[in-house]
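Novice: need coordinates for the below:
(2 chains)
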Amino acid sequence: KAGVTQTPRYLIKTRGQQVTLSCSPISGHRSVSWYQQTPGQGLQFLFEYFSETQRNKGNFPGRFSGRQFSNSRSEMNVSTLELGDSALYLCASSSAGANVLTFGAGSRLTVL
Amino acid sequence: AQSVTQLDSQVPVFEEAPVELRCNYSSSVSVYLFWYVQYPNQGLQLLLKYLSGSTLVESINGFEAEFNKSQTSFHLRKPSVHISDTAEYFCAVTETGANNLFFGTGTRLTVIP
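Specialist: Here you go, the predicted model:
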């Protein structure tokens, strides 16, 4: 069974640009969550999607958005990038009602 | 909301010695508790979890953790560590039935040969 796949693994952007990250969950998993990991703030919850609906949202500005498609794949978008958005963005999936998350390897974003 | 405190940011320990990584949580509701491990340049891997039932939970590689409701703790222990256990360990909590994890700041375990 394939794990959670995140693309791209590494990317570099400049301030003001926007970025889209992709996450393919484990087959059969309908819940996808996104987390940001930085040295200063640690691991912080961004949002969770289930059956194409945002079910939960963390405390991040509106520049951070996401969506989920009918095949459960998810994307997150960050607009008007700031230097502080440099981070490892982790996606996790879980099956309905399981409450156990399986994480991908992450997408490392560097903003210059 | 929930929160997690991992008091030890770094724990060095000699190979084959025992180790305890401390985790305390705060919550006004019933919780699920987790330990995740992160190796360099990788994502998080679930080490063990407490959802319900026995308060002592074990992983396949010798780690164990005990849920102590009165002390709001979920400390991670291993009686004998290996070099391969060198990694960062994160304790996490979520409200029962939810998927939004609140993580501690992590403990970097370094096993010294």
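Novice: list the contacts for A:Ala105?
Specialist: A:6, A:9, B:41-43 (CB atoms under 8 Å, 6 or more residues apart in numbering or on different chains). Backbone N, C-alpha and C define where each C-beta goes, glycine included.
Novice: that one and B:Trp35: what is the separation?
Specialist: Separation of A:Ala105 from B:Trp35 (CB to CB, to the nearest Å): 19 Å.
Novice: same check, this time on A:Ser72
Specialist: 26 Å.
Novice: between those two, which has more neighbouring residues?
Specialist: B:Trp35 (26 against 21; other CB atoms under 10 Å in any protein chain shown).
Novice: which parts of chain B sit against chain A?
Specialist: Applying CB under 8 Å from any CB of the partner chain, we find that chain B lies next to chain A at B:32, B:34, B:36, B:41-46, B:49, B:51, B:90, B:92, B:94, B:97-106.
Novice: just the buried members of those residues?
Specialist: For the residues of chain B next to chain A, a burial check counting by 16 or more other CB atoms under 10 Å in any protein chain shown picks out B:32, B:34, B:36, B:43-44, B:46, B:49, B:90, B:92, B:94, B:98-106.
Novice: what is the mean pLDDT for stretch A:101-112?
Specialist: What stretch A:101-112 shows for mean pLDDT is 95.
Novice: now it: how far from the chain's centre is it?
Specialist: Here stretch A:101-112 shows a centroid-to-chain-centroid distance of 7 Å under the convention CA atoms, centre = their mean, to the nearest Å.
Novice: now do B:Gln71 against chain A, distance only.
Specialist: Distance, B:Gln71 to chain A, by CB to the nearest CB, to the nearest Å: 23 Å.
Novice: how many neighbours does that residue have?
Specialist: By other CB under 10 Å, the residues close to B:Gln71 number 10.
Novice: likewise for B:Ser54?
Specialist: Counted with other CB under 10 Å, residues neighbouring B:Ser54 total 9.
Novice: and it, which helix or strand is it part of?
Specialist: Using DSSP states H and E, B:Ser54 sits in no helix or strand.
Novice: gap between it and B:Leu21?
Specialist: For B:Ser54, the distance to B:Leu21 - CB to CB - is 20 Å.
Novice: next: A:Thr14.
Specialist: 39 Å.
Novice: lowest confidence element among the helices and strands of chain B?
Specialist: strand B:56-58 (a mean of 91; mean pLDDT, DSSP states H and E).
Novice: sweet, I'm off.
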